[in-house]
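*Asks:* give me a model of this one.
(one chain, ligands or ions: 2)
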Amino acid sequence: PAFWVVIPAAGVGSRMRADRPKQYLQLAGRTILEHTLDCFLDHPQLKGLVLCLSVGDPYWPELPGASDPRIQRADGGNERADSVLSGLLRLLELGAQEDDWVLVHDAARPNLSRHDLDQLLLELADDPVGGLLAVPARDTLKRAGADGRVAETVDRSQIWQAYTPQMFHFAALHRALADALVAGVAVTDEASALEWAGLAPRLVEGRADNLKITRPEDLDWLRQRWSNKV
Ligand code: CTP
Ligand code: MG
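*Replies:* Ligands and ions are numbered 1, 2, ... in the order given. I've put the predicted structure just below:
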């Protein structure tokens, strides 16, 4: 199916503790954000892409991609969900229709493979709800007590880590996100807004190395992995 993409890139990257938002740190000769955009820009089924940036972001205008006509901008908000909602409103201006698919993908996830992207599109093409790339929990899981000791071991057989892209129909996603934000529900990914609206997004197993760059060691790991890509 044809699809639109929203890339939330308006975070500050506090856990990364770098001198700039993490999406602008270097990876194999370019910024993380440029690699992330590349995952989508040449895809034959892409209808359009919206990049959500902090108001006054000084880094994006310096990059070659800033003049790429395939990339439309939207203003980010205080929380990730606010940024995504702003991106959806921009998609509306660009002509997105109710039933169109929208893929939301973190700017800080530059290692998405074309295989995983196409698998998501394929597995969800006829799905009534949509879904997300996700990875089954690998390690044994512990619930911590207040004293910093193990309170219990959690059954991991039904636990998955939510990745992106997350893929939903434009109207359903827009309504669920807007309603959840008004209701003050904590929405850390798109799926949780749909869940709050009573829907059950489908889990599509993806590669664990489509990781979100969150802490310095994540970037160290990816730089090492990509050291032959320069
Ligand atoms: N994001 C956004 N708008 C926000 C907050 C986050 O567009 N108000 C984006 C980030 O730029 C990132 C993605 O959402 O691409 C995932 O968020 P996260 O990994 O939490 O990034 P940051 O919020 O930047 O990092 P931190 O939480 O460590 O500050
Ligand atoms: Mg954050």
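
*Asks:* am I right that residue 180 falls within a helix?
*Replies:* Yes - according to DSSP: H, G, I helix; E, B strand; the rest coil, residue 180 belongs to a helix.

*Asks:* that one - how many residues pack around it?
*Replies:* Per other C-beta atoms under 10 Å, the neighbour tally for residue 180 reads 21. (Glycine included, C-beta is placed from N, CA and C.)

*Asks:* can you tell me the closest non-neighbouring residue to it?
*Replies:* residue 193 (4.4 Å; C-beta to C-beta, 6 or more residues apart in numbering).

*Asks:* avg pLDDT for stretch 148-156?
*Replies:* In this model, stretch 148-156 has a mean pLDDT of 96.

*Asks:* endpoints of that stretch, how far apart?
*Replies:* In stretch 148-156, first residue to last residue: 20 Å (C-alpha to C-alpha, to the nearest Å).

*Asks:* closest point of this protein to ligand 1, which residue?
*Replies:* In the chain, the residue that lies nearest ligand 1 is residue 11 (2.1 Å; C-beta to the nearest ligand atom).

*Asks:* who's in contact with that residue?
*Replies:* 21-23, 76, 80, 83, 107-108 (C-beta atoms under 8 Å, 6 or more residues apart in numbering).

*Asks:* now do the SS call for it.
*Replies:* At residue 11, secondary structure determined by three-state DSSP is coil.

*Asks:* do residue 194 as well
*Replies:* Going by three-state DSSP: residue 194 is helix.

*Asks:* quick check: which element contains the closest residue to it other than its chain neighbours?
*Replies:* Nearest residue to residue 194 in three dimensions, chain neighbours excluded: residue 176, at 4.9 Å (C-beta to C-beta, 6+ apart). For residue 176, the element it lies in under DSSP states H and E is helix 170-183.

*Asks:* just how off-centre is that helix within its chain?
*Replies:* 17 Å (C-alpha atoms, centre = their mean, to the nearest Å).
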